[in-house]
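S.K.: requesting a structural model of the entry that follows:
(chains A, B, C and D)
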There are 4 protein chains.
Amino acid sequence: MIIVMKPDATPQDLERVSDAIKAKGLGVNISRGKERTVVGAIGDERILTEIPLGAFQGVESVHKILQPFKLVSREFRKQDTVITFPNGVVLGGPEIQVMAGPCAVESEDQLLYVAERVKKAGAKILRGGAFKPRTSPYTFQGLGEEGLLHLAKAREKTGLLIITELMDPRDLPAMMKYTDIIQIGARNMQNFRLLSDVGEVSKPVLLKRGLSATIKEFLMAAEYIASRGNQEIILCERGIRTFETMTRNTLDLNAVPVLKSLTHLPVLVDPSHGTGRWDLVIPMARAGVAAGCDALMIEVHNNPEQAFSDGEESLIPDKFDNLMSEVRKVASAVGRFVA
Amino acid sequence: MIIVMKPDATPQDLERVSDAIKAKGLGVNISRGKERTVVGAIGDERILTEIPLGAFQGVESVHKILQPFKLVSREFRKQDTVITFPNGVVLGGPEIQVMAGPCAVESEDQLLYVAERVKKAGAKILRGGAFKPRTSPYTFQGLGEEGLLHLAKAREKTGLLIITELMDPRDLPAMMKYTDIIQIGARNMQNFRLLSDVGEVSKPVLLKRGLSATIKEFLMAAEYIASRGNQEIILCERGIRTFETMTRNTLDLNAVPVLKSLTHLPVLVDPSHGTGRWDLVIPMARAGVAAGCDALMIEVHNNPEQAFSDGEESLIPDKFDNLMSEVRKVASAVGRFVA
Amino acid sequence: MIIVMKPDATPQDLERVSDAIKAKGLGVNISRGKERTVVGAIGDERILTEIPLGAFQGVESVHKILQPFKLVSREFRKQDTVITFPNGVVLGGPEIQVMAGPCAVESEDQLLYVAERVKKAGAKILRGGAFKPRTSPYTFQGLGEEGLLHLAKAREKTGLLIITELMDPRDLPAMMKYTDIIQIGARNMQNFRLLSDVGEVSKPVLLKRGLSATIKEFLMAAEYIASRGNQEIILCERGIRTFETMTRNTLDLNAVPVLKSLTHLPVLVDPSHGTGRWDLVIPMARAGVAAGCDALMIEVHNNPEQAFSDGEESLIPDKFDNLMSEVRKVASAVGRFVA
Amino acid sequence: MIIVMKPDATPQDLERVSDAIKAKGLGVNISRGKERTVVGAIGDERILTEIPLGAFQGVESVHKILQPFKLVSREFRKQDTVITFPNGVVLGGPEIQVMAGPCAVESEDQLLYVAERVKKAGAKILRGGAFKPRTSPYTFQGLGEEGLLHLAKAREKTGLLIITELMDPRDLPAMMKYTDIIQIGARNMQNFRLLSDVGEVSKPVLLKRGLSATIKEFLMAAEYIASRGNQEIILCERGIRTFETMTRNTLDLNAVPVLKSLTHLPVLVDPSHGTGRWDLVIPMARAGVAAGCDALMIEVHNNPEQAFSDGEESLIPDKFDNLMSEVRKVASAVGRFVA
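M.R.: As a prediction, the model looks like this:
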C-alpha cells in the first residue's frame, strides 16, 4: 500500500501513519519527493484494509498495490479450476458447456419438453428457476419447491445436470437435495450471508455478476464463497447497467479475458440477460465464445409469447438448434469444442 | 399500455396482440397511422406485465403508460406519510430528523460516548451497525447480537431511538426486540425475500436505494414491503454508482424532488455514503435539506482514524455540531426546522 | 407519437395538445382509458419534435414511436451500404477489412515500417493520427500537416489506403488532399458543425461513437452527415464509459448486432480503445468479428514503450500477425473472410 | 508516480523502468516488498505522462500521485479567482450571480421581454443561444449572427451582461464583438482546438462539464484554456449521464465542493439541464447554492409550450421570480447573497 501525504502534512502526521502501519507488523519505506512525501507499507497490505488511512490527518490519497482477493486469484493458483460432475461432465476444460432452459419452471410438461430439446441440441445442463426474484411483488414468483421436483424429474428423465437459483438461506436444505449447481443471482451477488452459506456446502456455485459490480467486487464475492471452503465457483458475466437503453443490459465481454487473467475460476457468459433481446442472443453467444468463455447460459422456451417471465429474451428450441450449430463453429475456430 | 407494431406486421400479428390483451379482460384501441399501427390497451395495464408482449411476432416496441407501483404512489395517497414513534418523535412532518452515529457498533463505551454527543447536538435517532455487510470476508463483520445489546443500552441511557441494519431474515426476531427502525441496506434493496419479511412486521423500515437502482426500481422495492402490510417506509438516497472516481458514490439529489412528487413516503438523504468523504458531508447535508428531504443520516465517530469501517466518511462529534448548526439555518430557509 | 395525459388533465388541456398536433398537419386519435387518456399523433412524428409537448399543461409523458433518424435507417434502405474505394478495396461486403497502424504518426521511418508490417499481415488500410486530441495540453499534439505528408508517402510506397482524424473544420482542405477516409473522433461525435462539413465532401467518413453516446445519438450523428449528402459512413464502436476501471472503456459489442438491425451502414469495432490494454485486443477482436462487425481498427506500434500516445493498448507487429491469423479463423466460422 | 512491478518481473525489467524515469531527469526510489517491488519517481511526474510505463514489460500497474492539472489547481493558487466585469458585476465573491434567459434566442421581442423580466427578478447576466447544438439535423439550429444582434440589443436596453455559446472557431470573431462571456457547451468540453482558441482571447469563458466527463477531465479542459493565457474561467456543473431515466441528467452536486477544494475557479450550477424538468429546477437551484456554488444558470421562457428548444425545462418568468426569492433565503443561510 502506498500512502501519499499532502504537501502541508507535518512530521507528526507522517509519524502517525508510519506508526499505524508498523503496529500491524508491516515495514515502512518513506520516499521524500519534490512535491510529495510517499509512504510505502511493506508486507501483506490486506491487513491494512482495517485501518482507514484515508481518514488520517495529512493523508492525501491511498493506493492499493495488491488485489484484495487471494484464494480465487491466478497468482494464488496458476492452473485453471476444472469442475468434474459425478456423471462425467467437465466444466472449465476445452469443452464449452452450455446450460439452457426456461427462465422459470412453469409446469412439468413445459420443462420436460424444453429439456428434451436442449439435450438433443447438445446442452448438458438444464436451467430453470423455481424461486424467482421479480422486481414486482404482483408478478409470478416461481413454483417454489414444486419447481424443484419438476427439475428433479427432468434430470431423471434426461440425464441432464440441473442448475437453479437460491434466493434465501432457508431454502438451502431443499436445494441441496435437488440441484447439481446452485445459482446466486445478480441481485444477491453481495448478499454476504448467502455467499457464506453456499461457501460451506459441497456443490458447485454459479455466481452472477451484480448489475453494477466492478470486476474486483465480483471476485471479492467469489472470495467470500472460497474463504468458507467451497472452491468450485463458476463466474457468470450477464451484462452490466449503463446508460444505453436499446438493450436490457450491456454485456461486458471485456470482462471475459480480464477474469481469465486474474482468476483460475471458469467464466460463463449469459447473452440472454446480457442483451434482453432474443434476436441478439445468437451473435452475442458467438462473441462470448470468441472472447474466451468456458460456458454459456441460454434461455430457451417452447412458447416465449406465453412465458411467465423473460419471454422477450428466450429462444424457441429451433433457434437454439441454430445457436448450437453456430457456436460450435466459433468454438472450433478458437481451439475449443461444443458437444 | 401502448404496443407499436412493426411496419411489416400482418393482420394476424395484430389480432394475436389484441386477443392476448382482451384475454386479460382489458379493452383495445387500434390506431392505424401512416407509418405504424398502434394498439392501446384500455384498463389497468399492470395486469399485462405478465404477458411478454415484446416477444410477440410483429411487435416493434411496448410503452407502459402507468407507473408499476401503486400503494406507495402519490396517486394512490395524496397526503404525506408521517411516522410517529412511541416517544413522540415525528418523521415526515415539518421537522427534519437527523439520524447519527458510528458506521459499526464497536464497543459499549464508544457507542455511549457518540450517542451522548449526537443527542446533545440535536439528533433524535442513533444509528449503528451490529451486522455489517462488508465487501471483504477478511474484515470486521460487526459484533452481531452483542452490538444489538449495546444499542439497547444506549437507547435506555439517552432516550434516543435506534436504527440498525438487517442483513438476514434469520436475524429478524432478535432485531424486533432491540431496534426502533429496521434498515435494509443498499446491497439488499432487491433481496425480495427480506423485503417481504419486513413487510410483515410492525416497525418502520428504512430502505436504502441500491447502488445502481433506478428510482422506479427503488419504489418497486418499497412496494414489496407495502404490499405485505407495512406502510411505514422511509426512502434513503445514499448515492449511485457512476464513472466518477473522486467520490465514493454520486449523491443523486435530483431523486429527492422526484421521489416527493411520485410517492407519499418520507425521503432521507445520507451524505456520508453519498460522498464517501467526511470533508464533503456538511455541504451535501445542507444541499439535501435545500432539495427538500425529510431526514438526514450522518456517520459520526469519536475517532475516525480507528474506526473499524467507513472512517474516511465519518465526522468527529465537533464537526457534527457544526453540521447541525449549518443544517438548522438551511432548514429554516426552506420553511422546515431541526431540533 | 403518443401523449399520455395526467389523471387530472382538463378538457382544455387535451384540446390544446390536439390543436398543437393538428397545427403541424398531423391527425389525432384520442383513447380514453380507465386510468389515463392517451393522444396518438397520426403522421410523421419527426415534425413534432419541434413542439415541447412535455411542457404542455396536463401532459404526463410523451412516447416516440419512430426512430428519429431516417436516411441512415434500415427502414429507409434495406440493403447494406457497401463502400468501394478507387483501388478496388471493398468495405461492407463479405470481406472484413482491417485498419491498422500507430495511434500517432511519429516519424516517416516509424510509419513506413509499421505500414509494411501491417500490409504484409493482411491489412489494407493504414491508420495514423496527424492531429491528436489529447486530454492534456502539455502532451504531444501530433505532427499536424507534416504527419499528413508521411501518411501520403506511406500510401504511395505500400498502396495502403489512409485513414486519419479531422479535429477542426479549418484542416478539412488539407485532409482532402491526403487521406482516403476521414475519421471523426469520439470526442467530436456531437461536434455538429464538423459533422455538417464532412457531410458535404465526397470521401468516406469513419464516425466514432462518443464515450457516453447512446446508439440513438450515434445514429443521429450519422444522420447529420448523411443529411448533407455524404452517405458513405462507417460506424465505429470503440467502447463506452462505465463504472468499471479495469479497462479503459467497456467495449459494447451488443451495439454491433443492434446497429446492423437498425442501419444499413457498415460497422467497425476498435478493440484497442475499447479495452485500453494490448493483452485484451486479440480476444476482443475475435469477439467483434463473431458479433458480426464489418471491419476492425487496431493500433500497432513498432515499439509501444516509446509510443508518443496509447502505448498501453498498442500491439507490436508480431502480435498483430497473431491477431490476423486468429481473426481469419473466426471470420471463416461466421461466413466471412479476411484477406 | 508509483510503478508496481509484477511478481515475476526480472531485474532487467526493473532496470528499464528506472532508466526511462532517469532519462527524463527524475530520481528513482526502489522499495522491495514481500509481494511486490515498487518504483517511485521523484520529481514532477507530469513529465512522465509522455512515457507509456504501463506498456513496459514487467509492469503491473502505474499510480499517479499528483493531479495532472496545474494552473487551475488550488495548490498553484490559493485564493479564489474573482471575475470583475467592466460594469462592476463581480462573479466569484460572496454574491451569487444568476444567469437567466431562453435556451435559444428566437426573436427580438421574445428576448427583450424575457430580459426585462429576469433583470427585474435580480439576474445580472442574460443567457440565450444564437448557435444551437441540436442532436437532430432537422430541428431549429439557432438564428446565428442575427441572434447575436438581438443579444446586443438586449444588453443595450437592459444593461445585462450577455452569455452565449460558441460552437465553431470560425464564429469567434463575431462572438468577440457581441458577448461578455463565451460559453463552451458540454458536447465541446473536449473540443481541444476550440479550447485553445478561447484560451487566447480576453473574455471570460464558461466551460460546461461534458456529459460523462470526470472531474479530472473537466479540470484538464480548463487547463487547456488557462495554458493559453486566459485565466477567467467559470466551471459549470450541468448534470452527468447515468442509468437514471426519470431525469434528463443526474445533477452531480458532489462536484461543487470537490471542485471548490481542487481549484480556485468559480463554480456555477445549471439545474435546468441538470434535471431536464422545470418542476425540479427550483429545489435543485436551492440545493446548488446550499452545496456552495458561486453562480446559477436558469432557462427562462415567456411561453415554454412554444419554445424552439428545451421547453420542458424552462421556467416561466413568474416561476423564476419564485426561484430568486427562494434562492435568496438559502444564500443567506450559507453566508452568501443574491441581488
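S.K.: can you map out the helices along chain A?
M.R.: A:11-23, A:108-121, A:145-158, A:172-178, A:192-198, A:215-227, A:255-262, A:271-275, A:278-291, A:317-333 (DSSP state H).
S.K.: take those and write them to a markdown table, including distance to chain C, mean pLDDT and mean neighbour count.
M.R.: C-beta coordinates here come from the backbone N, C-alpha and C atoms, glycine included. Supplementary listing: these in a markdown table, determined by distance: least, CB to the nearest CB, whole Å; pLDDT from 0 to 100; neighbours: other CB atoms under 10 Å in any protein chain shown:
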| stretch | distance to chain C | mean pLDDT | mean neighbour count |
| --- | --- | --- | --- |
| helix A:11-23 | 25 | 94 | 16 |
| helix A:108-121 | 18 | 97 | 20 |
| helix A:145-158 | 29 | 96 | 18 |
| helix A:172-178 | 31 | 94 | 15 |
| helix A:192-198 | 20 | 96 | 22 |
| helix A:215-227 | 5 | 97 | 24 |
| helix A:255-262 | 4 | 98 | 22 |
| helix A:271-275 | 5 | 98 | 29 |
| helix A:278-291 | 4 | 98 | 28 |
| helix A:317-333 | 4 | 98 | 19 |
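S.K.: adding distance to C:Leu53, write those helices out as JSON lines.
M.R.: Below are the helices of chain A laid out as JSON lines (distance: least, CB to CB, whole Å):
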{"stretch": "helix A:11-23", "distance to C:Leu53": "59"}
{"stretch": "helix A:108-121", "distance to C:Leu53": "44"}
{"stretch": "helix A:145-158", "distance to C:Leu53": "46"}
{"stretch": "helix A:172-178", "distance to C:Leu53": "51"}
{"stretch": "helix A:192-198", "distance to C:Leu53": "47"}
{"stretch": "helix A:215-227", "distance to C:Leu53": "42"}
{"stretch": "helix A:255-262", "distance to C:Leu53": "41"}
{"stretch": "helix A:271-275", "distance to C:Leu53": "31"}
{"stretch": "helix A:278-291", "distance to C:Leu53": "31"}
{"stretch": "helix A:317-333", "distance to C:Leu53": "39"}
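S.K.: could those helices go into JSON lines alongside distance to chain D?
M.R.: Formatted as JSON lines, the helices of chain A follow (distance: least, CB to the nearest CB, whole Å):
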{"stretch": "helix A:11-23", "distance to chain D": "12"}
{"stretch": "helix A:108-121", "distance to chain D": "32"}
{"stretch": "helix A:145-158", "distance to chain D": "31"}
{"stretch": "helix A:172-178", "distance to chain D": "32"}
{"stretch": "helix A:192-198", "distance to chain D": "24"}
{"stretch": "helix A:215-227", "distance to chain D": "13"}
{"stretch": "helix A:255-262", "distance to chain D": "11"}
{"stretch": "helix A:271-275", "distance to chain D": "16"}
{"stretch": "helix A:278-291", "distance to chain D": "19"}
{"stretch": "helix A:317-333", "distance to chain D": "29"}
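S.K.: so for B:Ile240, which of those sits nearest?
M.R.: helix A:215-227 (15.2 Å; CB to CB).
S.K.: coming back round to it: ok, which of the helices of chain A comes nearest D:Lys119?
M.R.: helix A:11-23 (51.0 Å).
S.K.: and the closest one, what does it pack against?
M.R.: Counting contacts by 3 or more CB pairs under 8 Å, 6 or more residues apart in numbering or on different chains; DSSP states H and E, helix A:11-23 packs against strand A:2-5, strand A:27-32, strand A:37-42.
S.K.: same thing but at 10 Å, please
M.R.: Counting contacts by 3 or more CB pairs under 10 Å, 6 or more residues apart in numbering or on different chains; DSSP states H and E, helix A:11-23 is packed against strand A:2-5, strand A:27-32, strand A:37-42, strand A:59-63.
S.K.: format those strands as a markdown table; extra columns: mean neighbour count.
M.R.: Shown next, in a markdown table, are those (neighbours: other CB atoms under 10 Å in any protein chain shown):
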| stretch | mean neighbour count |
| --- | --- |
| strand A:2-5 | 23 |
| strand A:27-32 | 16 |
| strand A:37-42 | 23 |
| strand A:59-63 | 19 |
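S.K.: thanks again, I'm all set now.
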